[in-house]
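S.K.: Mind looking at a prediction? Sequence and model below.
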Amino acid sequence: MKNKILMGLILAALSISSAQAQTEQSGVLRLPWWDQWTLHVGDDPQCAQIDPPACTGEPLKFEDWSFANQWQRVEVTLPAELQSTPQLGLLVQGEQPVYEVFVNGQRIGGSDKFATLRVPQYSRAIFSFPSRLANQGRLVIAIHAQAVHTSNPMTEFVPAIAPIDRIQAVRDEDTLSYLASSWLHYLCYMAMFGAGIVFILLFGVNTRAHEYFWLGARLCMLLIFRLGELAAVINLSVPAWLALGTSALFNGISAFFSIEFVFSFLERPVPKLFRAIEILCLLNGLPLLLLLPMPSSLFIPVARLTDNVYVHHPGIAGILASALAFFLLVPFCFKSKLAEMRWIGAATLFYAFEESNRMAGFIHLPSIPQDVFWRGVDIDLRAISNLLFAAVMLVAMTFRFRRIQDRNRQVEQEMAAARSVQQILIPDLFPTVPGLLIESAYLPAQEVGGDFFQILPITNLADPERPSAFIVLGDVSGKGLKAAMTVSLIVGTLRTYAEFYSSPADLLAGLNRRLYGRGDGFATCLALMVDPSGKLTLANAGHPNPYLNGIEIHTEANLPLGLAENIHYSEITLQLPLGQACTLVTDGVVEATSATTRELFGFARTEAISTQTASSIAEAARDFGKGAPQADDITVLTIARTPQPILA
């Protein structure tokens, strides 16, 4: 497609000198503009004759315009020099792609597939006819057309008559003249396409910013939409059905994308009214696209129905409403404290006005012309407003992207600090407690978790070489930095209180008083004291029960820490024999969920493997939930008495 566009431009440029040299000479008859032709709606073959008895001019109604057979007629007088030319050429351009041409009642050519859409969008054809067809220099040219709304057919060109050896130069000159006046128009849309690609790439980097995708897709679509228009001037081998389909569908999709962009940018759900407008816009073009492969006997009646004034106008009104939706962005932008948002507000205001003005003109509402010609160049205000909006959005999004990067760097620094805290909360190296073998496994659900454990040796005055130990395992509600800060408070309190409390129940009561009133969260906690003799004293604050030699230890149900001010925690005492292990887990083990069956790992499976090593238990729980997001941190702690005390 790009090569054909470039080739068309090159050929037009190469023909400039010859085209100008030949057409500046006499011998070229430009026919009147289309609005001066006589129009007859219908399929009366008598309209091709020189003086038809029943073919009279009629005003064209909008409801008769789409997919209607019509005759356009004009009468001209050939100059003497053209009357003396044996063979003349008639250049037909700017008309519908489905047509047939008659000169003084004789058919001289056409698109050969009348009443179908299986013709090229490029309809600027040259037809040869002998000058003897003229009746004393009088020529009646009749064009029988199937009025098909394609993608903006060219109306800037009118037919011309010249000697057959010059008519090609006339067409080349018209092509070059159009490109010379419209280059700014297409340059704007090409730039918008590039901006659209950038927005889509930005969406690929940050898929949560849906406004990038909606705006990018809309900008890219504007250039694709214009290819049908350009294909009417330069032969790009675009079929008329494709131009019609893209014109009908892209109008609706573009409106849909516009509404989605506006409310994504506002971070609000699309209201029901605008959702209905989206559906209306899509329905305006979707039936045509679905019926394009169908035979013309089915397509033409349905297309005429969907493109009449009663269906087409509401669809255009929906597109107008999508353009008006951009005005919702203006107060939001100007109220922002960010400087670039005010630039977005100004560009949005200009864009919304131009787009609304254009659509208002389509449904015959008062509107302002949006094309200004300056030194022969068509300055399309709509294209400029789109490009300005895209450029301002790119600059604003660049500033926004930079702020996001700065914020991400700050978050990374905070996460690094939190990881440092995590090394204290979940220690890699344990203090040595003679007579105990302690193992741990920790698999956080996020980079910073809410689980914690501490091993705090307590000097035994009777036997300093064989100290007791406080072992505490817990889980703070929530995750991330907030949970990590709560855990840091608990760990600091634990290390202080361990020197003053002699029982797990008192330790938990002190922790509870410390946490109460400091937030809306809570923490479950299991506290054990292990004596050198193997005596275990255990208190539980809403935490899953521990396991001793593969059997669950049932504890009294108590409230978690931080929910009530004065809570009394009960204790149980049992013996930890030599060579046996006590296993402590957090609820991340029990609540590991299968990705296929949504079944929990559960207490039964946890109890069955509780005699294994800490790492084996943790890996078993994670493997069980493999394929599903890990909902909670997984922490396992095993305490075993060794036959021989481990000396410090």
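M.R.: Structure received. Residues are numbered from 1 along each chain as shown.

S.K.: Okay, now the unreliable bits of the stretch 501-648 of the chain?
M.R.: Applying pLDDT under 70 to the stretch 501-648 of the chain flags residues 519-520, 644-648.

S.K.: Name the residues of stretch 99-106 that are buried.
M.R.: Tyr99, Glu100, Val101, Phe102, Val103, Asn104, Gly105 (16 or more other CB atoms under 10 Å). Where C-beta positions appear, they are placed from N, C-alpha and C, glycine not excepted.

S.K.: Among these, which one lies nearest to Ser533?
M.R.: Tyr99 (106.9 Å; CB to CB).

S.K.: Outline the domain layout of this structure.
M.R.: 31-165, 175-405, 427-641 (automatic domain parsing).

S.K.: Save the ones you listed as a markdown table, and put in distance to Glu412 too.
M.R.: Shown next, in a markdown table, are the domains of the chain (distance: least, CB to CB, whole Å):
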| stretch | distance to Glu412 |
| --- | --- |
| domain 31-165 | 49 |
| domain 175-405 | 10 |
| domain 427-641 | 10 |
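
S.K.: In terms of mean pLDDT, which of those domains ranks lowest?
M.R.: Per-stretch mean pLDDT for the domains of the chain is lowest at domain 31-165 (a mean of 80).

S.K.: and the end-to-end length of it?
M.R.: Distance between the two ends of domain 31-165: 18 Å, counting by CA to CA, to the nearest Å.

S.K.: so how far is that domain off the chain centroid?
M.R.: 46 Å (CA atoms, centre = their mean, to the nearest Å).

S.K.: can you tell me which of the buried residues of stretch 99-106 are in strands?
M.R.: Mapping the buried residues of stretch 99-106 onto strands (DSSP state E) picks out Tyr99, Glu100, Val101, Phe102, Val103.

S.K.: In the residues you listed, find the pair that's most separated.
M.R.: The most widely separated members of these, counting by CB to CB, are Tyr99 and Val103 (13.5 Å).

S.K.: one step back: quick check, nearest of the ones in strands among the buried residues of stretch 99-106 to Leu280?
M.R.: So of those, ranked by how close each gets to Leu280 (CB to CB), first place is Tyr99, at 32.6 Å.

S.K.: what residues are up against the closest one?
M.R.: Contact analysis of Tyr99 by CB atoms under 8 Å, 6 or more residues apart in numbering lists Val92, Gly110, Ser111, Phe114, Ser123, Ile143, His144, Ala145, Gln146.

S.K.: how about the nearest residue to it, chain neighbours excluded?
M.R.: Using CB to CB, 6 or more residues apart in numbering and skipping residues adjacent in sequence, the residue nearest Tyr99 is Ala145, 4.2 Å away.

S.K.: Just the closest of the contacts of Tyr99 to Tyr497, please.
M.R.: If you rank the contacts of Tyr99 by distance to Tyr497 using CB to CB, Ser123 comes first, at 90.3 Å.

S.K.: Using the three-state scheme, assign the closest residue to the closest one other than its chain neighbours.
M.R.: Once flanking residues are discounted, Ser123 sits nearest to Pro97: 4.2 Å by CB to CB, 6+ apart. Following DSSP: H, G, I helix; E, B strand; the rest coil, we place Pro97 in the coil state.

S.K.: What count of nearby residues applies to Pro97?
M.R.: Pro97 has 28 neighbouring residues, counting by other CB atoms under 10 Å.

S.K.: Give me the distance between the top helix by length along the chain and the centre of its chain.
M.R.: Assignment by DSSP state H gives helix 381-425 as the longest helix of the chain. Distance, stretch centre to chain centre, for helix 381-425: 18 Å (CA atoms, centre = their mean).
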